[in-house]
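>>> Sequence first, then the predicted structure, then my questions.
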Amino acid sequence: MKASLGLRIALILLAAGRAGAADLTGTYAGRLTCRWTSAAGVRSTTRDDLMLEVSESQISATRSSVNMRIPSVASYFGNVIFDPRAPTKNGTGVVNDCTHLWSPNAFVYETVRFTSSSVPGGLKGKIEMEGIVDHSGSDGSIGLCSGSFSRADATDPDVTFCPVVPPGPPGPNAYHVVLNGIGSQVIAADSYPGILGTGARTVSWWYRSHVNTFPPVWGLIFWGQGPAGMWSVQLEDFDGGGINLELYGTKIAWTANQDPAMGALQDGKWHHLAMTAPTAGTAADVKLYMDGVLLPTVYVVGGQLALSYDTLAGIAFRAGSRDLGNYSDADFDEIALWDVELSAAAISEMFNGGAPTDLTKNGTNYQSASALQLYWRFEEGTGLATADSSGNGHGGTISAGDPMKSWGAPGANH
């Protein structure tokens with residue numbers, strides 16, 4: 001299912017009646033079919049079996065406050081104004097978007113227009129949907145959608161009023177950077193070249209995707225000179241989708257087809273990622289941790305694990321892209337780089353059960369605060385610059401970003 005249900009959707013609701021006004025409360029089951037055209041003109045069709053939940057927080061003979069939710073996609077709220085001459089039969093209203101699971105950047109508000117009617121004492125209900133789905137805030141696609149939903153039960157599904165976006169990893173001000181997948185990235189403002197040569201390194205970051213599929217390729221973390229001496233951490237869709245590290249044209253990978261844990265990366269939730277490598281190591285020595293757990297290297301493309309790395313100065317350290325562009329449509333937070341190989345225990349402590357720690361302070365197992373080379377915490381919340389909390393002066397610039405839209409915070413509908 002495309003992430004955003006959208007602008008100008010017409011609904012016809014037939015619901016159980018009660019004295020005074022139509023009863024819209026209940027759970028509905030059905031299928032929505034959308035015919036999509038991407039920003040590049042590519043056409044596709046999706047057919048999704050979905051549940052629609054409707055609850056009413058207030059109701060009178062002429063007005064009802066309605067909360068609506070498609071659990072796998074979005075939540076809405078609004079009001080129905082019933083016809084005072086026949087309140088059990090007719091009504092119109094406006095429903096505004098609260099949140100989207102897969103595309104928190106798609107819209108702040110979406111408007112839905114519908115009419116409703118009911119048969120007094122009846123339990124049967126039906127919703128017919130048709131309209132335009134505007135997904136331009138994420139991948140640029142537009143869909144023409146239609147569907148039919150039938151009443152599945154008459155119970156109150158207790159739809160939460162405007163649930164907040166899941167909290168992001170907190171800097172002290174709880175902000176994170178929002179990248180749009182079409183050009184925005186964070187680049188070291190002083191052209192800091194990253195860890196070069198055969199030096200030991202660890203890079204970590206918090207990540208939340210705006211889409212639920214693996215893209216053809218997204219750059220996550222990049223520095224160096226490609227292809228001869230780059231350190232390119234990227235997301236790709238081969239072998240079920242996953243993260244890989246590209247060195248000299250060789251890719252070592254952690255993929256969903258061979259490690260089910262990687263399949264959860266695009267679930268719209270925050271994940272902690274950390275990649276480590278020792279001094280004068282080979283591709284076989286590179287380790288990837290997700291949410292504090294070591295993932296085995298399961299795939300090699302175009303080379304072998306015996307390959308040594310020797311990163312050359314080239315493109316400055318950056319997040320959300322690579323040397324060829326390939327921009328990420330995702331949120332990033334707490335991006336850090338060290339010139340040492342951190343231990344598994346240190347990385348587990350950094351993950352901290354999903355509550356990030358201040359990496360400028362040593363802990364029990366994490367004892368490498370002094371080895372920090374760059375640390376972007378994204379505490380600013382506005383503008384196009386972020387400070388380097390490592391003390392080394394490698395602040396970042398949000399290139400092709402927006403001074404307001406490039407920032408998110410827990411509860412903000414980005």
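Here it is on my side, so go on.

>>> drop to CA atoms for contacts and neighbour counts, all remaining ones
Fine.

>>> Which phi and psi values does Trp206 adopt?
Backbone torsions for Trp206, taken as degrees, to the nearest 10, come to phi -100, psi 140.

>>> and the closest residue to it other than its chain neighbours, helix, strand or coil?
Excluding its sequence neighbours, the residue lying closest to Trp206 (Cα to Cα, 6 or more residues apart in numbering) is His272, at 4.5 Å. Following DSSP: H, G, I helix; E, B strand; the rest coil, the label given to His272 is strand.

>>> Next one: His272, what pLDDT does it get?
On pLDDT, His272 comes in at 95.

>>> residue contacts, it?
Contacts for His272 were tallied using Cα atoms under 8 Å, 6 or more residues apart in numbering; they are 204-207, 289-292, 351, 354.

>>> Take the residues you listed and, keeping just the buried ones, write it as a ChimeraX select command.
To isolate in ChimeraX the members of these that are buried, counting by 16 or more other Cα atoms under 10 Å, one can use:
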select :204,205,206,207,289,290,291,292,351,354
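
>>> I'd like to know which of the contacts of His272 are part of helices.
Among the contacts of His272, the members falling in helices (DSSP state H) are Phe351.

>>> can you put the contacts of His272 in CSV and add distance to Leu324 and pLDDT?
Formatted as CSV, those follow (distance: Cα to Cα, whole Å; pLDDT from 0 to 100):
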residue, distance to Leu324, pLDDT
Ser204, 22, 98
Trp205, 21, 97
Trp206, 23, 95
Tyr207, 21, 95
Tyr289, 25, 97
Met290, 25, 96
Asp291, 28, 95
Gly292, 30, 95
Phe351, 31, 93
Gly354, 32, 87
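
>>> Give me the subset of the contacts of His272 lying in strands.
204-207, 289-290 (DSSP state E).

>>> Could you identify the longest strand within this protein?
Ranking each strand of the chain by length (DSSP E) puts strand 43-59 first.

>>> residues in contact with Ser368?
338, 340, 342, 362.

>>> what are the phi and psi values for it?
Torsion angles, degrees, to the nearest 10, at Ser368: phi -120, psi 20.

>>> Need the pLDDT of it.
98.

>>> how far away is it from Met350?
As judged by Cα to Cα, to the nearest Å, Ser368 and Met350 stand 11 Å apart.

>>> any idea which helix or strand comes after the helix or strand of the chain with the lowest mean pLDDT?
Every helix and strand of the chain was ranked by mean pLDDT, DSSP states H and E. The lowest is strand 9-16, at a mean of 36. Scanning forward in sequence from strand 9-16 by DSSP states H and E, the next helix or strand is strand 26-37.

>>> in stretch 250-266, what's buried?
250-258, 262-263, 265-266.

>>> Can you spell out which residues form a bridge with Ala29?
Met51, Ser150 (DSSP bridges).

>>> Where does Ala346 sit, in terms of helix or strand?
Going by DSSP H and E, Ala346 is in helix 344-351.

>>> Not counting that helix itself, show me its contacts.
272, 274, 289, 291-294, 356-357, 359, 363-367.

>>> Considering these, which possesses the most neighbours?
His272 (28 neighbours; other Cα atoms under 10 Å).

>>> can you tell me how far that residue sits from Glu334?
Taking Cα to Cα, one finds His272 at 9 Å from Glu334.

>>> who touches both of the two?
Joint contacts of His272 and Glu334 (Cα under 8 Å, 6+ apart) are 204-206.

>>> can I get these in a markdown table with distance to Pro278?
Formatted as a markdown table, the shared contacts of His272 and Glu334 follow (distance: Cα to Cα, whole Å):
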| residue | distance to Pro278 |
| --- | --- |
| Ser204 | 15 |
| Trp205 | 19 |
| Trp206 | 22 |
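
>>> what about Gly26, distance to Ser406?
Distance from Gly26 to Ser406, by Cα to Cα: 38 Å.

>>> shouldn't Arg43 be in contact with Thr37?
Yes. With contacts counted by Cα atoms under 8 Å, Arg43 reaches Thr37, the gap being 4.5 Å.

>>> Compare those two (neighbour count), which wins?
Shown here are Arg43 and Thr37; by other Cα under 10 Å, Thr37 has more neighbours (16 against 13).

>>> who touches the more buried one in this structure?
43-44, 141-143.

>>> Identify the residue nearest Glu334 in space, chain neighbours excluded?
Using Cα to Cα, 6+ apart, the closest residue to Glu334 is Arg377 (4.6 Å).
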